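S.K.: what's the 3D shape of this:
(one chain, ligands or ions: 1)
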Amino acid sequence: MSRIRGKLALVTGASSGIGAACAELLARDGADLILWARREDRLRALGDRLAREFDVEVRIASVDVRDRDAVFSEAAATLAGRVPDILVNNAGLGAGLAPIHEGELDDWDRMIDTNVKGLLFVTRAFLPAMVERDAGHIVNIGSIAGSQVYPSGGVYCASKFAVRAITEGTSIDLLGTSIRVSSVSPGLAETEFSLVRFEGDEARAEAVYDGLDPLTGRDIAEAVSFVVNAPPHVNVSELQLLATDQRSVHHIHRRTS
Ligand SMILES: NC(=O)c1ccc[n+]([C@@H]2O[C@H](COP(=O)([O-])OP(=O)(O)OC[C@H]3O[C@@H](n4cnc5c(N)ncnc54)[C@H](OP(=O)(O)O)[C@@H]3O)[C@@H](O)[C@H]2O)c1
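M.R.: Modelled structure (predicted):
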């Protein structure tokens, strides 16, 4: 049974990986969609397919979540129509993998501006309308990197620790309202994440998943579907999802062929 049929769900970073899979499963559950990312062509192809396949309404917008003005003006255009019932803050990335003393400052900007500030801008743009209606559900995509740090990943991990703090802070601030705040925190998932992190180096990206059976975007989207379909009195505050081959950021089982 779906509890979100006819509701409106906004997914950021919907052009790829976890976000695209969330869009698909929320549409399967009968939700109308708003899809944001920078690559509009991908959003259009996905949106057209989901609208056809699941008979839901889909609105797409090319938005860079780092761009504060773009976020607030697109949010205002959306809110002039309908207030989203569900916000999945998924847009994010890892940029590079380097010890702090060798880190690229531009990589740090991209991670902190997207994963932390972008998530905050989108939340700040939509949450007041949810508060006014006393209805809504925010799902932040965190990471195992939000509770454990791995070598050369300090800044990415810091950005995901921040997502955990923002999720908890938002939830506490909304005590006494009906608005739910959740985080879904995956471990290794095979998406375009590593390709982006290593700037298109396919061999290096593939090596991340060598010899193990990683999560897929769909696995995580199933978790998001579970979270948003929970009965209204249930708030899944944090759900961590790891591949069976991964037990911590440091414990990964790889089969040798
Ligand atoms: N894959 C993993 O192992 C893993 C594990 C834990 C958590 N996560 C988290 O899961 C989330 C999704 O990542 P993924 O694995 O699905 O990677 P992905 O396949 O690279 O997807 C990332 C998505 O974020 C969007 N995005 C990136 N920068 C953006 C910006 N400035 N403005 C708007 N959209 C932006 C991208 O769209 P455009 O490029 O079109 O803008 C894309 O749709 C991220 O928050 C990531 O940190 C991933």
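S.K.: and the stretch 51-200 of the chain, which residues reach the ligand?
M.R.: 64-66, 90-93, 114, 118, 141, 143, 186, 188-189, 191-193, 196 (Cβ under 6 Å from any ligand atom). To be clear about C-beta, it is placed using only N, CA and C from the backbone, and glycine gets the same treatment.
S.K.: The closest residue to the ligand within the stretch 51-200 of the chain: how many residues sit nearby?
M.R.: Ranked by Cβ to the nearest ligand atom, the top residue of the stretch 51-200 of the chain for proximity to the ligand is G92, at 2.3 Å. Using other Cβ atoms under 10 Å, G92 has 27 other residues around it.
S.K.: next one: D201
M.R.: Neighbours of D201 (other Cβ under 10 Å): 12.
S.K.: list the contacts for it?
M.R.: L195 (Cβ atoms under 8 Å, 6 or more residues apart in numbering).
S.K.: Strands of the stretch 51-200 of the chain, residue ranges please.
M.R.: 58-62, 86-89, 137-141, 180-186, 189-190 (DSSP state E, counting those that start in this stretch).
S.K.: so which of those strands gets nearest S147?
M.R.: strand 180-186 (7.4 Å; Cβ to Cβ).
S.K.: Now do the same for that closest one: mean pLDDT, whole number.
M.R.: Strand 180-186 shows an average pLDDT of 98 in the prediction.
S.K.: Report all helices and strands that it contacts.
M.R.: Under the contact criterion of 3 or more Cβ pairs under 8 Å, 6 or more residues apart in numbering; DSSP states H and E, strand 180-186 touches strand 137-141, helix 154-173, helix 217-228, strand 238-241.
S.K.: If we use 10 Å, what do you get?
M.R.: helix 17-28, strand 86-89, strand 137-141, helix 154-173, helix 217-228, strand 238-241 (3 or more Cβ pairs under 10 Å, 6 or more residues apart in numbering; DSSP states H and E).
S.K.: For the second one, which strands pair with it and how are they oriented?
M.R.: Going back to what we said before, that points to strand 86-89. strand 8-12 (parallel), strand 137-141 (parallel) (DSSP bridges).
S.K.: can I get those strands in JSON lines with mean neighbour count and mean pLDDT?
M.R.: Shown next, in JSON lines, are these (neighbours: other Cβ atoms under 10 Å; pLDDT from 0 to 100):
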{"stretch": "strand 8-12", "mean neighbour count": "26", "mean pLDDT": "99"}
{"stretch": "strand 137-141", "mean neighbour count": "26", "mean pLDDT": "98"}
